[in-house]
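Novice: Got a sequence here, can you model it:
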Amino acid sequence: MQLIAYLIELTAFFPLAVWCKELLFLGSGMLLAPRFGFKLNQFSLFGNQFLKQNGIWTHRRDKRSIHIQSMLRVDLTQPRPADVLERQEKQLEALRVLLLCIVTALLTIPSVPSILRIWHGGTNLLDAFLAGLSVGMCFQSLTTIGIRLYVYGVMMKKLGGYVQSLTNHLRAGAHFSDLGLRPVEELPYRNPTGIEKRLYYGLYLSAMLESGQIGALQKPTRELTAMLRDSDVLIADTWCYYWLVFYYSRFELNPAAATHFLNKIRTTIEHDRDANAKRVLAYYAFGIEQNFQKSRAFLDEAYAVIDQFSTLGERDLERRLLDELDKFLRQKGA
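Specialist: Prediction:
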């Protein structure tokens, strides 16, 4: 009996408390984000992927996972200056954390008697569940607060904060070439994390591509390859996987690498209706599969939605990449 109670406590503490927090963030993001100029258009429940495009939610099954993931994006139909965007993002995050703390308190206060009985050696299974879940939620709340304080108090002064500022300028209408980006090792940020680097490379590689500095693409791409080759796929890294499939299909033809990274995000990219997803698949069909008719079909799909794609700078670069592939296909008679 005591062993069963202990296992119930552990299960409630982790993973149930983690799932409760993530579900709360998912729900609050869906309901609150539009009020602050953001939107939730993608989330994952244990490997079930949900994507909202053109106002329609689609579902597809991916590899099984223990994770619940969601990501908020800026609503680009509501253009705002970069400083306003940053302020609204902070307000939204503060409100979501406050909501998490309120729910945690509402759960924990009635569970105090159960916590005390378990503390004094009780083995009631309901007490074990309530104690484990409430303590787990308290831990998740404190951890979330600590992460947010670290992000806004420390990381925003590091590479991650610089990336956020650059991204907000893009959202406000800038082009990649306007940002004055340099190799990560030349920036005044010491010991950046892998996550920070991946976020920065999303901007840096696009800037190098836009300015025609193709030689500058190799080193960061090799680093991304090493980071992501054997890692679990996270929603936040979707752009990186798209880039790797594109790069190894366009600039450094490598069927093994391109196919490896495509297989890791195949379910996601095949259901993604945006122009960049169709462009990646078109280049893969052209460079790796040598299937020019298939490439043309994906290219036509990309052209059909290009005017709906992302920020001004990203859209202009995307159109240029589509035009280049169109030229290659015409030379092949496709």
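Novice: Quote the end-to-end distance of stretch 114-129.
Specialist: End-to-end distance for stretch 114-129, by C-alpha to C-alpha, to the nearest Å: 9 Å.
Novice: What of stretch 60-73?
Specialist: End-to-end distance (C-alpha to C-alpha), stretch 60-73: 20 Å.
Novice: just stretch 263-281 next, same as before
Specialist: Taking C-alpha to C-alpha as the measure, stretch 263-281 stretches 12 Å from start to finish.
Novice: tell me the mean pLDDT over that stretch?
Specialist: Mean per-residue pLDDT for stretch 263-281: 94.
Novice: tell me the pLDDT at the closest residue to L224 other than its chain neighbours?
Specialist: Nearest residue to L224, sequence neighbours excluded (C-beta to C-beta, 6 or more residues apart in numbering): C240, at 5.4 Å. All C-beta spots, glycine's among them, are computed from the backbone N, C-alpha and C. For C240, the pLDDT comes out at 97.
Novice: same deal with M1?
Specialist: What the model reports as pLDDT for M1 is 69.
Novice: ok, now which ones touch the most centrally placed residue in the chain?
Specialist: For the chain, the residue nearest the mean C-alpha position is A236 (1.8 Å; C-alpha atoms, centre = their mean). For A236, the contact set (C-beta atoms under 8 Å, 6 or more residues apart in numbering) comprises 71, 195.
Novice: do you know how far it is from L224?
Specialist: Distance, A236 to L224, by C-beta to C-beta, to the nearest Å: 13 Å.
Novice: Is H271 in contact with R60, as I believe?
Specialist: Yes. Between H271 and R60 a contact is recorded at 5.0 Å, counting by C-beta atoms under 8 Å.
Novice: quick one: the strands in the chain?
Specialist: According to DSSP state E, the chain carries its strands in the segments 38-45, 48-53, 56-61, 68-74.
Novice: TSV for those strands, including distance to A12?
Specialist: Supplementary listing: the strands of the chain in TSV, determined by distance: least, C-beta to C-beta, whole Å:
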stretch	distance to A12
strand 38-45	19
strand 48-53	23
strand 56-61	28
strand 68-74	16
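Novice: Of the ones you listed, which is nearest R330?
Specialist: strand 48-53 (29.1 Å; C-beta to C-beta).
Novice: What are the phi and psi values at I265?
Specialist: Per-residue torsions, I265: phi -130, psi 20 (degrees, to the nearest 10).
Novice: I'd guessed it sits against T238; true?
Specialist: Yes. Applying C-beta under 8 Å, one finds I265 in contact with T238, separated by 6.6 Å.
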